[in-house]
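Visitor: Sequence and predicted structure below; questions after.
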Amino acid sequence: MKHYTSIDDITDLYKAVSEALVLKSNPRQFSDLGKGKRLVMLFFNPSLRTRLSTEVAAANLGMEVTVLNVTDSWSLEFDDGSTMNLNTSEHVKEAARVISLYADVIGVRAFPGLKDKQEDEEDKIIRSFMKHATVPVISLEGATAHPLQAFADAITLVENTKRSRSKVVLTWAPHPKALPQAVPSSFIRAVKRMEFDLRIAHPPGLELGHDLTDGIPVFNDQGKALEDADFVYVKNWSPSDPYGSVVKGFDDWIMTADKLGKAQFMHCLPVRRNVVVEDAVLDGTQSLVIDQSENRIYSAQYVLKEMLEKR
Amino acid sequence: MKHYTSIDDITDLYKAVSEALVLKSNPRQFSDLGKGKRLVMLFFNPSLRTRLSTEVAAANLGMEVTVLNVTDSWSLEFDDGSTMNLNTSEHVKEAARVISLYADVIGVRAFPGLKDKQEDEEDKIIRSFMKHATVPVISLEGATAHPLQAFADAITLVENTKRSRSKVVLTWAPHPKALPQAVPSSFIRAVKRMEFDLRIAHPPGLELGHDLTDGIPVFNDQGKALEDADFVYVKNWSPSDPYGSVVKGFDDWIMTADKLGKAQFMHCLPVRRNVVVEDAVLDGTQSLVIDQSENRIYSAQYVLKEMLEKR
Amino acid sequence: MKHYTSIDDITDLYKAVSEALVLKSNPRQFSDLGKGKRLVMLFFNPSLRTRLSTEVAAANLGMEVTVLNVTDSWSLEFDDGSTMNLNTSEHVKEAARVISLYADVIGVRAFPGLKDKQEDEEDKIIRSFMKHATVPVISLEGATAHPLQAFADAITLVENTKRSRSKVVLTWAPHPKALPQAVPSSFIRAVKRMEFDLRIAHPPGLELGHDLTDGIPVFNDQGKALEDADFVYVKNWSPSDPYGSVVKGFDDWIMTADKLGKAQFMHCLPVRRNVVVEDAVLDGTQSLVIDQSENRIYSAQYVLKEMLEKR
């Protein structure tokens, strides 16, 4: 792969899962591959899991890591031809090319602003780095996708599947803040390409886009969607219209042990306890959230290994 | 040791000092012990000495290190059963378990708020990590204790002792801000267990707690306490009542060369010159402050080595 | 060299350039030299290129690196004999000596305030570290000099020189903010010592100091200065009087492809496009800005190697 900014950049998903599981079985087996190579991670937004898991993944491959927390003091310009006499001090053309001198792989995290749908869909920070960097770029969660999470979720699904054509339900949950659609979108993209029976549940008005959900059963009745589920992936997202708003009045969409039944519970974390999901589920034996976080290491390590081997 | 959050977690203090001095004599002699192991340090408050000395200690053992400066953007929830619909975005249950996936040892710095004595005494950040992490936790200074400093102080005392049953005086000093009791408390706990004659001096109203000082002579007359002293440890702390207040009117408790006499001077740093201690003492040959800072490396290295060997 | 805080700390500039180019030809050839040695970099101001290139340089030599972004929470005192009962919490005497315990080389970045010329010229942060540290100090750009940039520029000039006594023009450019004189000053100091024909161009009132420019032709007519140029180094700086002011009314001093002619273009970056220089120059084949950034690695690596070998 040239860059990794979408789960679709992985050509053969099941093969990739197998290779990630080989890495998990012996994480340091390729510790010479990245010797003298450097991953530079740019965080335009805060990170805990992504930063740490990707750092561990790089170290497992013998790479060196630099983390740059990008603050207001470094205001990048993204527009071509602009006269930079205002607040931006460096154009991404220079920034991406210069960082490429010092890095063998560049990771970028840049959340959507959730103010302007069209602007967010352009995902301009990550796309600009893809365009101007001369080394591979990894999305550490962009405006529209979180592909390292989605691949970790795919690994977790494969590890925990107990029967063929398991039923996977992605269900919306309440949240006090407006959140991006990156995680549910990437999760859907991953599961669509695997041997699962995927269903989506959300209140009316929270549709995720026709192209994405075409051919997948969508329910406004959460209970109906959850029937006979094997895996229940719970996640809040904010609506496309009004874009970036907080949807209220659906507190009963919280996931409970009763609703979960015998299914296994998934969430990307961080999670708001007793708002998104009740304690009994998170603290119970059907929760896979810690497995998902652990698999973030091998998700990133697979991607980094691919990039190191292609060079 | 399982965790290291109190000097009392070291069972045999003199034996530990000896082992730390062996490390000091050849810091990289165990540089294979930590290969492929990672120390993650979480700083809820700023740090210079603790961060650098612990990072050097970990590197001496071959460990990898990640430093996370925790800011307002990561608001942890500590209460059980809470409905997280306000400002906290992640429960420490998840945070500590997830970081444990990426770390072999977790270090945590979390100062007291100095507003609510009972809350501070619960030391909830460090205790929550001890409870929920699945790897060893090291206190990088908590609300009530600074055990890495205390062990470095113990090493420094042993290195510089010139006669049996040396007299060690811990004396309060003025300071323009309210400071925690963590350093003096941990110092007392350490010295109590060693072959020293410990005395404490402070103005009235600055008592450090009966359990801690029981059996130790306490003086409100600084001059009397300092008679025949071999070591003088100077440190400000704020009173238990009114909790977290700044005590004024005792500027003459500053340490001077005259008061120090032939004793050796100790302070954990950072120190306010000519408020806590006059220049002549800090710049004189009887000052041990640089030795104390150097021993912070071997204090941390001893603790990390213990943890790596127990795993 | 003991410290590296001026390009003049390099005794033989051409020999140093040759050695830097040897490093560039095989960056990891001395990767054992820095084993177990640590570079601590203190940034009192933000950094992208300097941080990353110096980190890569140190890693190429096998060194470990710690980056400390110094914030308001660590207020250093620099004055001798002061009574520290206000906002400063630690004296640089202790800070520099303590960091020297944990570092083999200390890098410091500290920009001028551009409020008080005399204070800036004292460059007190870097000079204080030079005075009190017990290990070598590298300027990562101080109030008056940017010697790592100047040495990278010298390397770039040597690499791209096509005829003897090439003409190098340093020309001022417009900028919406007041910038320091560190980069142009250090560039002049470097080029003065090399076999180039150096000229300086700036609008009236932007003189750079007699001692520095003595013997160098200075033009207020940019066009005349640029005649027959081989290298054109473009850089804004603010005037000495009124100190730290923004000079307006010279927007036509922007560098254009037309003005550049056949010369090669240099700039230290970051650069404001279409204010300092037009897109056509930066995106054209005569631009050396990426080369300059790449040579920042070997500039720092040469300096670090010198320091490691002297110890």
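Guide: On my side now, so go ahead.

Visitor: Tell me how far residue A:160 lies from residue A:285.
Guide: Distance of residue A:160 to residue A:285, given as C-beta to C-beta, to the nearest Å: 12 Å. Every residue, glycine included, has its C-beta placed from N, CA and C.

Visitor: Pick out whichever of those two has more residues nearby.
Guide: Counted by other C-beta atoms under 10 Å in any protein chain shown, residue A:160 and residue A:285 do not tie: residue A:160 has more neighbours, with 15 against 6.

Visitor: I figured that one was touching residue A:231, is that so?
Guide: Yes - with contact defined as C-beta atoms under 8 Å, residue A:160 reaches residue A:231; the gap is 7.4 Å.

Visitor: what's the overlap in contacts for those two?
Guide: A:264, A:288 (C-beta atoms under 8 Å, 6 or more residues apart in numbering or on different chains).

Visitor: Kindly state the pLDDT recorded for the nearest residue to residue A:1 once chain neighbours are set aside?
Guide: Nearest non-adjacent residue to residue A:1, counting by C-beta to C-beta, 6 or more residues apart in numbering or on different chains: residue A:9, 4.8 Å away. Looking at residue A:9, its pLDDT is 98.

Visitor: any idea how far residue A:9 is from chain C?
Guide: As judged by C-beta to the nearest C-beta, to the nearest Å, residue A:9 and chain C stand 26 Å apart.

Visitor: Also residue A:110?
Guide: 16 Å.

Visitor: any idea which element the residue lying closest to that residue once chain neighbours are set aside lies in?
Guide: The shortest distance from residue A:110 to any residue other than its chain neighbours is 3.7 Å, reached at residue A:125 (C-beta to C-beta, 6+ apart). In the assignment (DSSP states H and E), residue A:125 maps to helix A:124-132.

Visitor: right, and the helix or strand after that helix?
Guide: strand A:137-139.

Visitor: So which residues make contact with that next one?
Guide: With C-beta under 8 Å, 6+ apart, strand A:137-139 has contacts from A:3-6, A:54, A:105-109, A:126, A:129-130, A:145-148, A:300, A:303-304, A:307.

Visitor: pretty sure the residue nearest to residue A:110 contacts residue A:95?
Guide: No - using C-beta under 8 Å, residue A:125 makes no contact with residue A:95, being 10.4 Å away.

Visitor: ok, now which ones touch whichever residue of the stretch 51-200 of chain A sits closest to chain C?
Guide: The stretch 51-200 of chain A approaches chain C most closely through residue A:90 (3.5 Å), counting by C-beta to the nearest C-beta. Shown in contact with residue A:90 (C-beta under 8 Å, 6+ apart): A:74, A:75, A:76, A:77, C:48, C:269, C:270, C:271.

Visitor: Tell me the pLDDT of it.
Guide: For residue A:90, pLDDT reads 95.

Visitor: how far away is it from residue B:243?
Guide: Taking C-beta to C-beta, one finds residue A:90 at 48 Å from residue B:243.

Visitor: For chain A, just list every one of the strands.
Guide: For chain A, strands defined by DSSP state E occupy the ranges A:38-43, A:64-69, A:76-77, A:90-91, A:105-109, A:137-139, A:167-172, A:197-201, A:218-219, A:231-235, A:264-266.

Visitor: Kindly reformat those strands as TSV containing distance to residue C:40.
Guide: Converted to TSV, the strands of chain A look like this (distance: least, C-beta to C-beta, whole Å):
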stretch	distance to residue C:40
strand A:38-43	19
strand A:64-69	15
strand A:76-77	28
strand A:90-91	26
strand A:105-109	25
strand A:137-139	29
strand A:167-172	47
strand A:197-201	51
strand A:218-219	55
strand A:231-235	42
strand A:264-266	42
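
Visitor: Out of those, flag the one nearest residue C:27.
Guide: strand A:38-43 (11.5 Å; C-beta to C-beta).

Visitor: what's that closest one packed up against?
Guide: helix A:49-60, strand A:64-69, helix A:92-102, strand A:105-109, helix C:49-60 (3 or more C-beta pairs under 8 Å, 6 or more residues apart in numbering or on different chains; DSSP states H and E).

Visitor: cutoff 6 Å now
Guide: strand A:64-69, strand A:105-109 (3 or more C-beta pairs under 6 Å, 6 or more residues apart in numbering or on different chains; DSSP states H and E).

Visitor: ok, residue A:229 touching residue A:169?
Guide: Yes - counting by C-beta atoms under 6 Å, residue A:229 touches residue A:169, with 4.5 Å between them.

Visitor: What pLDDT is listed against residue A:1?
Guide: For residue A:1, pLDDT reads 87.

Visitor: Could you list the low-pLDDT ranges of the stretch 101-250 of chain A?
Guide: Of all residues in the stretch 101-250 of chain A, none has pLDDT under 70.

Visitor: Show me which residues of it sit near chain B.
Guide: residue A:176 (C-beta under 6 Å from any C-beta of the partner chain).

Visitor: Tell me which residue in the stretch 101-250 of chain A sits closest to chain B.
Guide: Counting by C-beta to the nearest C-beta, the stretch 101-250 of chain A gets nearest chain B through residue A:176, at 4.9 Å.

Visitor: since we're on the nearest residue to that residue once chain neighbours are set aside, how many residues are nearby?
Guide: Excluding the flanking residues, the one nearest residue A:176 by C-beta to C-beta, 6+ apart is residue B:85, at 4.9 Å. By the other C-beta under 10 Å criterion, the neighbourhood of residue B:85 contains 16 residues.

Visitor: same deal with residue A:87?
Guide: Count around residue A:87 with other C-beta under 10 Å applied: 9.

Visitor: check contacts around it.
Guide: residue A:75 (C-beta atoms under 6 Å, 6 or more residues apart in numbering or on different chains).

Visitor: go on, residue A:269?
Guide: Applying C-beta under 6 Å, 6+ apart, the residues near residue A:269 are A:289, B:94.

Visitor: So for stretch A:56-67, mean pLDDT?
Guide: Mean predicted confidence for stretch A:56-67 is 98.

Visitor: then it to CSV, C-alphas only?
Guide: Output of stretch A:56-67 as CSV, limited to C-alpha atoms (Å, rounded to 0.1, in the frame of the first residue of the first chain):
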residue,chain,number,x,y,z
VAL,A,56,4.3,0.3,20.5
ALA,A,57,3.7,-1.1,17.0
ALA,A,58,6.6,1.0,15.6
ALA,A,59,8.9,-0.1,18.4
ASN,A,60,8.0,-3.8,17.9
LEU,A,61,9.4,-3.3,14.3
GLY,A,62,12.5,-1.6,15.6
MET,A,63,11.5,1.9,14.4
GLU,A,64,12.2,5.2,16.1
VAL,A,65,9.2,7.4,16.9
THR,A,66,8.7,11.2,17.1
VAL,A,67,5.4,12.6,18.4
